[in-house]
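Asks: Here's a sequence, model it:
(chains A, B, C and D)
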Number of protein chains: 2
Amino acid sequence: MEAVKAEINKIPRSLSKQARRKQLIEATIKCIAEKGLSGTTMADVTQLAGLSLGIVNLHFQSKEKLLIETLSYISDEYTSGLTKIFNDKNLNTEQKILAHINFDFSRKIIDRNKLAVWFAFWGETKSRPTYLSICASYINEIANNLTALFALLKQEGNYTKVDPELVCTCYTALSDGLWLDLLMTPKGLKPAQAQLVAMHYLATQFPNHLKTRTGI
Amino acid sequence: MEAVKAEINKIPRSLSKQARRKQLIEATIKCIAEKGLSGTTMADVTQLAGLSLGIVNLHFQSKEKLLIETLSYISDEYTSGLTKIFNDKNLNTEQKILAHINFDFSRKIIDRNKLAVWFAFWGETKSRPTYLSICASYINEIANNLTALFALLKQEGNYTKVDPELVCTCYTALSDGLWLDLLMTPKGLKPAQAQLVAMHYLATQFPNHLKTRTGI
DNA sequence: CAACTGAATGAATAACCATTCATTTTTGTG
DNA sequence: CACAAAAATGAATGGTTATTCATTCAGTTG
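Replies: Residues are numbered from 1 along each chain as shown, chains lettered A, B, ... in the order given. As a prediction, the model looks like this:
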């Protein structure tokens, strides 16, 4: 009891509002991963954060708003990472595409807790338009950027038969599906293998630029 | 009021146990699609089925069992359809693969209500091992069958560089991702287009057997 | 150090919801 | 038609959980 109290007290009360919100959002991510979206209660979240029951309503007004902020949090993390790559002037087209794939399968992104959160919300988009609208805004932007990169590589490499939009749709669906695999069967597919699968597809479109080793 | 009562009364009370269960499961599918897994209540399900509140516990003992039976129901529908194709002695290898893809994107399977149910449960697999075990059993069987088909086509068509297991992993992830697309952005990707995307990938592996038109 | 401010607490409240079961309705059978 | 068995009903129950807010606490300022 004393030990617990001591540990809790390590967290200063004067954390800025922003930091306290982040602390709660990260507890929410863990909670959704462990108990599911429907099984996540305010008591769970606040206990995991080492704070008191009423704190979520103080900082987020309601549970629903906390959930929305949590989805926005991981969406922003993903989008901003990709935007940075897309705008990096030191990378050429091929390097940007490679960086994009590396990012899609990096530790930060394919963390199983975060994957659980993605799919928890995606599973509810049909019934909750708010969740959908949060996702829709970034999906379009990323697709446009990625399509543009594929179009450039097509030009630069004389891949006359490549359809950039089709490749973008296919790659995006493929990586979503691989994410699902990583979430559901962690004993099966490993992150590095998943990335190779994605590379394998892109190598069929841009064989002179993106090569994969044989086997997975 | 009279009209409602009349309509309800159309459903005979003497429906066999099996049929009543099916009626409730189908109401559950609609409900999960409309309100999400967390938002689905017993009152919702039974009202949608035009029956009384207590009926679920009569036929399924608990809400949790109803949900599990609902997942099993759509899993069985999917698995049995694919098994039938795989065991069809009138189809050659190429035709079986084509039939598999056609089935994956058939109306029956990519019904948005059912897609919503798939993803609702998948989003909770990390926290509910029961859901995972229901899915795990059929996933393996289908993967083995499909890999075997790809291995056969590789042999028959002399595709020396094809890795059947890799192609199976890639195709499966791709179709899962396309399903997600169909669920989340129904205004974007259409079922027929999604199928063409899947075909486009397989055409890169078996170009002499599976061709796609240009464009999506 | 005393007064003040805003952050944090958690007991109390009110709403929601799965489950139970005494009662009613329907069906099939002799 | 009567009667037993089976199926269905829905009011009542009890457990769970989001939200509220009076109170406590920590940090700051003059």
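
Asks: what about the longest helix in chain A?
Replies: helix A:129-157 (DSSP state H).

Asks: quick one: it to chain centroid distance?
Replies: 15 Å (CA atoms, centre = their mean, to the nearest Å).

Asks: again, but for stretch A:202-209
Replies: 25 Å.

Asks: Output it as PDB, nothing but the C-alphas.
Replies: Output in PDB follows, covering the C-alpha atoms of stretch A:202-209 (Å, rounded to 0.1, in the frame of the first residue of the first chain):
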ATOM      1  CA  LEU A 202       5.900  -3.500 -54.800                       C
ATOM      2  CA  ALA A 203       8.800  -5.400 -56.400                       C
ATOM      3  CA  THR A 204       6.300  -6.800 -58.900                       C
ATOM      4  CA  GLN A 205       5.500  -3.300 -60.000                       C
ATOM      5  CA  PHE A 206       8.900  -1.700 -59.800                       C
ATOM      6  CA  PRO A 207      11.300  -4.600 -60.300                       C
ATOM      7  CA  ASN A 208      14.400  -2.500 -61.100                       C
ATOM      8  CA  HIS A 209      14.000  -0.400 -58.000                       C
END
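
Asks: and the helix or strand containing residue A:77, average pLDDT?
Replies: Here residue A:77, judged by DSSP states H and E, is contained in helix A:63-86. Averaging pLDDT along helix A:63-86 yields 97.

Asks: That helix and DNA strand D in contact?
Replies: Yes. Helix A:63-86 lies in contact with DNA strand D when judged by CB under 7 Å from any atom of the strand; the contacting residues are A:63-64. All C-beta spots, glycine's among them, are computed from the backbone N, C-alpha and C.

Asks: Quick one: name whatever helix or strand follows that helix.
Replies: Next element after helix A:63-86 (DSSP H and E): helix A:93-104.

Asks: Can you spell out which helices and strands pack onto that following helix?
Replies: If you count contacts as 3 or more CB pairs under 8 Å, 6 or more residues apart in numbering or on different chains; DSSP states H and E, helix A:93-104 packs onto helix A:63-86, helix A:129-157, helix A:191-205.

Asks: among those, which is the most enclosed?
Replies: Mean neighbour counts were taken over these using mean count of other CB atoms under 10 Å in any protein chain shown, and the top value, a mean of 20, falls to helix A:191-205.

Asks: Residues contacting it, please?
Replies: A:97, A:101-102, A:104-105, A:107, A:110, A:150, A:159, A:162, A:167, A:170-171, A:174-175, A:178-179, A:181-182, A:189, A:210-213, A:216, B:166, B:169-170, B:173-174, B:201, B:204-205 (CB atoms under 8 Å, 6 or more residues apart in numbering or on different chains).

Asks: Which ChimeraX command selects the buried ones in these?
Replies: This is how ChimeraX selects the buried members of the contacts of helix A:191-205, with burial counted by 16 or more other CB atoms under 10 Å in any protein chain shown:
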select /A:97,101,104,105,110,150,159,162,167,170,171,174,175,178,179,181,182,189,210,212,216 /B:166,169,170,173,174,201,204,205
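
Asks: which intervals of chain A have sub-threshold pLDDT?
Replies: A:1-11, A:13-15, A:212-216 (pLDDT under 70).

Asks: OK, now which residue of it is nearest to DNA strand C?
Replies: At 1.9 Å from DNA strand C, residue A:54 is the closest residue in chain A, using CB to the nearest atom of the strand.

Asks: Can you report how many residues lie near the closest residue to residue A:132 other than its chain neighbours?
Replies: Nearest residue to residue A:132, sequence neighbours excluded (CB to CB, 6 or more residues apart in numbering or on different chains): residue A:125, at 4.3 Å. Here the number of neighbours of residue A:125 (other CB atoms under 10 Å in any protein chain shown) works out to 23.

Asks: Dihedrals phi and psi, the residue of chain A closest to DNA strand C?
Replies: For residue A:54, the backbone dihedrals are phi -80, psi -10 (criterion: degrees, to the nearest 10).

Asks: Equivalent analysis for residue A:50, please.
Replies: Dihedral angles (degrees, to the nearest 10) for residue A:50: phi 70, psi 30.

Asks: if I read this right, residue A:138 contacts residue A:72, doesn't it?
Replies: No. Counting by CB atoms under 8 Å, residue A:138 does not reach residue A:72; the two are 9.6 Å apart.

Asks: how near is the nearest residue to residue A:72 once chain neighbours are set aside to chain B?
Replies: Spatial nearest neighbour of residue A:72, excluding adjacent residues (CB to CB, 6+ apart): residue A:134 at 5.8 Å. Using CB to the nearest CB, to the nearest Å, we find residue A:134 at a distance of 11 Å from chain B.

Asks: what about residue A:52, which SS state?
Replies: Secondary structure state of residue A:52, per DSSP: H, G, I helix; E, B strand; the rest coil, is coil.

Asks: Tell me who's in contact with the residue nearest to it when sequence neighbours are not counted.
Replies: Among residues not flanking residue A:52 along the chain, residue A:46 sits closest, at 6.2 Å (CB to CB, 6+ apart). Contact analysis of residue A:46 by CB under 8 Å, 6+ apart lists A:24, A:27, A:52-53, A:55-56.

Asks: thinking again about what came up before, okay but the residue nearest to residue A:72 is in contact with residue A:76, surely?
Replies: No. Residue A:134 is beyond contact range of residue A:76, at 9.7 Å (criterion: CB under 8 Å).

Asks: if you look at the one helix or strand the residue nearest to residue A:52 maps to, does any of it touch DNA strand D?
Replies: Here residue A:46, judged by DSSP H and E, is contained in helix A:42-49. Yes. Using CB under 7 Å from any atom of the strand, helix A:42-49 comes into contact with DNA strand D via A:42-43.

Asks: Return the distance of that helix from the chain's centre.
Replies: The answer for helix A:42-49 is 23 Å, by CA atoms, centre = their mean.
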